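Peer 1: got a predicted structure plus its sequence, pasted below:
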Amino acid sequence: MKNNSIEIIKQGRRLRRRRWILVTSLLFILAIALCCAMLLLGNTIYPVNDVIRTLSGEQIKGVTFAVNTIRLPRMLAGLFAGFAFGIAGYIFQTMLRNPLANPNVIGITSGSSAAAVFCIVILHTSNTVVSIVSVIAALITVILIYLLSKGRTFSIGRLILVGIGIQAMLDAFISYVLLKGDQQDIPAAIRWLSGSLNGSQMDELPPLVIAVLICTPIVLLLGKHLSILELGEQAATTLGVRTDLARILLIVSSVCMIALATATTGPIAFVSFLAGPIAKRIVGIGFSSIIPAGLVGANLVLAADLIGQFAFEVRFPVGIITGILGAPYLIFLLIRMNRKGDL
């Protein structure tokens, strides 16, 4: 009887592992397919062979400029920004045990956006300065939200409410900066605030790419601690997790990724909000959804950008398409949580 129970448990784990591998592989293949579509499609559809030759370094009239200067930076920005948004959103939702506790809702993205808009519109700084200031502003926003929500005991609900209030204040600050800025800077800032891959350049991408390549392994190493933190503070401490250290490392890694993603593409709406729940639903329980959440985020951004470019007569920034997708889910989630008494 005991051996049968152990065998059933092992079989269940094998099935869950196969499901994780299958889903992650399919998400990866889909991301590759969308990346290829981003390189091939545009005002002119180029043959696959010409695109491959161009990426290999061969100069082909018309193709080289379109692919290397416009489409490749756009594709890489969408891929890495979506991946960063997806992972960061999943970490906050899991660590704080609430689907509303993601960087878009609790004001972290707004902190990064406010700093970036101030640098772009008022100070006219370089992209490097914008990236650095965005990360610092996001970290300060996290600290401020935590201190204001701490009280006598830590409350996730209080943190979310404080975060929403901070977000409203920062959004008001952004509006004020736009009103005081030069008229010639306003269209670019508004386009950036809507979340857009337009105008992405290769020299803007290294900070984001480096942050993703460094922070993702750190988050993966802390994956088990993240799963234990989901059980609650007391359970995690009982199981020997250094909760403060683990939480700080996870938050700093997430904030660095999402701040640099925001500085590169603007605050693409609802990607960090949607990626985690979608990944958990399709992967199932038993294994970490960190990588699947990142891949879901990347696929959302790439697919939304293709839809915004080619599905309508007018081209829309990627953030508008993700906002259309995410808003109904937010309303549904609020209704469901209210019925359960979680709000």
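Peer 2: Sure thing, it's come through.
Peer 1: what helices or strands is the longest helix along the chain leaning on?
Peer 2: Secondary structure of the chain per DSSP state H: the longest helix is helix 2-40. In this structure, helix 2-40 packs against helix 48-55, helix 72-95, helix 271-283, helix 290-310, with contacts taken as 3 or more C-beta pairs under 8 Å, 6 or more residues apart in numbering; DSSP states H and E. Quick note: C-beta positions are derived from backbone N, CA and C, even for glycine.
Peer 1: and residue 169, what element?
Peer 2: Using DSSP states H and E, residue 169 sits within helix 156-180.
Peer 1: and the angle from that helix to helix 72-95?
Peer 2: 150 degrees (axes from the mean of the first three to the mean of the last three C-alpha atoms, to 10 degrees).
Peer 1: distance-wise, check residue 187 relative to residue 84.
Peer 2: Look at residue 187 and residue 84: by C-beta to C-beta, to the nearest Å, they are 26 Å apart.
Peer 1: comparing those two, which residue is more hemmed in?
Peer 2: residue 84 (32 against 9; other C-beta atoms under 10 Å).
Peer 1: in this structure that one contacts residue 208, no?
Peer 2: Yes: between residue 84 and residue 208 there is a contact under C-beta atoms under 8 Å: 6.9 Å.
Peer 1: what is in contact with these two at once?
Peer 2: 257, 260-261 (C-beta atoms under 8 Å, 6 or more residues apart in numbering).
Peer 1: packing partners for the helix holding residue 169?
Peer 2: Counting contacts by 3+ C-beta pairs under 8 Å, 6+ apart, helix 156-180 packs against helix 108-117, helix 127-150, helix 186-193.
Peer 1: for these, which one ends up most surrounded?
Peer 2: Across the helices and strands packed on helix 156-180, averaging neighbours per residue (mean count of other C-beta atoms under 10 Å) puts helix 108-117 on top, at a mean of 28.
Peer 1: quick check: mean pLDDT of that helix?
Peer 2: Across helix 108-117, the average pLDDT comes to 86.
Peer 1: packing partners for it?
Peer 2: Looks like helix 108-117 contacts helix 127-150, helix 156-180, helix 186-193, helix 243-265 (3+ C-beta pairs under 8 Å, 6+ apart).
Peer 1: so that helix versus helix 156-180, what angle?
Peer 2: Counting by the same axes, to 10 degrees, helix 108-117 points 20 degrees away from the direction of helix 156-180.
Peer 1: contacts for helix 108-117?
Peer 2: Contact with helix 108-117 is made by 92, 103, 130, 133-138, 140-142, 145, 163, 166-167, 170-171, 173-174, 177-178, 189, 192-193, 255, 258-259, 262-263, 266-267, 272, as judged by C-beta under 8 Å, 6+ apart.
Peer 1: stretch 237-256 too?
Peer 2: So stretch 237-256 is contacted by 87-88, 91-92, 95, 103, 108, 135, 138-139, 142, 211, 215, 218-219, 222, 225-226, 228-229, 231, 233, 236 (C-beta under 8 Å, 6+ apart).
Peer 1: show me what contacts the closest residue to residue 193 other than its chain neighbours?
Peer 2: In space, and not counting its chain neighbours, residue 193 is closest to residue 266: 5.8 Å by C-beta to C-beta, 6 or more residues apart in numbering. If a contact means C-beta under 8 Å, 6+ apart, then residue 266 has 113, 191-196, 317, 319 as its contacts.
Peer 1: of the residues you listed, which pair is most distant in space?
Peer 2: Taking C-beta to C-beta, the two most distant members of the contacts of residue 266 are 113 and 317; they sit 14.3 Å apart.
Peer 1: so how far is stretch 309-321 from its chain's centroid?
Peer 2: How far stretch 309-321 lies from its chain's middle: 20 Å, per C-alpha atoms, centre = their mean, to the nearest Å.
Peer 1: mind listing what's buried along that stretch?
Peer 2: 309, 316-321 (16 or more other C-beta atoms under 10 Å).
Peer 1: can you tell me which of the residues you listed is nearest residue 63?
Peer 2: So of the buried residues of stretch 309-321, ranked by how close each gets to residue 63 (C-beta to C-beta), first place is residue 309, at 18.3 Å.
Peer 1: help me confirm that that closest one comes into contact with residue 315.
Peer 2: Yes: look at residue 309 against residue 315 with C-beta under 8 Å: they come within range, at 5.4 Å.
Peer 1: nearest spatial neighbour of residue 326, chain-adjacent residues omitted?
Peer 2: Residue 326 sits nearest to residue 270 (C-beta to C-beta, 6+ apart), 2.5 Å away.
Peer 1: scratch that, residue 77 is what I was asking about
Peer 2: What sits nearest to residue 77 in space, not counting adjacent residues and going by C-beta to C-beta, 6+ apart, is residue 200, at 4.0 Å.
Peer 1: what angle separates the helix or strand containing residue 331 from helix 243-265?
Peer 2: Assigned by DSSP H and E, residue 331 belongs to helix 318-340. Taking the same axes, to 10 degrees, one finds that helix 318-340 is oriented at 140 degrees with respect to helix 243-265.
Peer 1: residue contacts, the residue nearest to the spatial centre of the chain?
Peer 2: Centrality entry for the chain: nearest residue to the mean C-alpha point is residue 85, 0.6 Å, by C-alpha atoms, centre = their mean. Applying C-beta under 8 Å, 6+ apart, we find residue 85 in contact with 103, 258, 261, 268, 271-272, 275, 297, 301.
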